[in-house]
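Novice: how would this look folded up:
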Amino acid sequence: MDWTDAREAWKAAVAAPQAPSFRPLDRAAVIYNHVVVGSLDLTLAAVADPTRRSILRRLAAGPRAVGDLARRYRMSQQAVSKHVACLARARLISKRRRGRLHICSLNPAPLKEVARWTEGYRRFWEASFDRLDDLLVEMKARERRKKGDR
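Specialist: This is a model prediction of the structure:
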């Protein structure tokens, strides 16, 4: 069930008379939050591994076969395939078959979601550093005034 289905189920449940034991708002909220947070969790978990980040960097140059990706690392093709499967579950890559080859392509959309999420933290840290800069300037000015008073 995706978020649009959850929203429709929520609308139907709100419009229908409710039994005391049924709480449609709680259920819809859980489904909606699971879909949103789940995709971000999957993306962050997938990019937490250095091998998977390396695979994403290689796919940024263009589509590659899993076998081509595996040659680059000191691990079996099966191990690389597990990394590729993790990236596919997070929807960071898409796979298609061309004969016997499995071709992987980069899908940057989940990374944009991570960038949007981290943007608020970037603004927070920039504001914090700006306040720290102001404080340092003020402290230096006080120090100069103290030296001038001597």
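
Novice: for the nearest residue to Val80 once chain neighbours are set aside, what is the enclosing helix or strand?
Specialist: Spatial nearest neighbour of Val80, excluding adjacent residues (CB to CB, 6 or more residues apart in numbering): Ala70 at 4.0 Å. (Each C-beta comes from the backbone N, C-alpha and C, glycine too.) Here Ala70 sits within helix 66-71, counting by DSSP states H and E.

Novice: what's the mean pLDDT across that helix?
Specialist: The average pLDDT within helix 66-71 is 91.

Novice: helices or strands next to it in the packing?
Specialist: helix 50-60, helix 77-89, strand 101-106 (3 or more CB pairs under 8 Å, 6 or more residues apart in numbering; DSSP states H and E).

Novice: what does the domain assignment say about the chain?
Specialist: Split into domains by automatic domain parsing, the chain comes to 3-109, 112-150.

Novice: weakest of those in terms of mean pLDDT?
Specialist: Among the domains of the chain, domain 3-109 carries the lowest mean pLDDT, a mean of 80.
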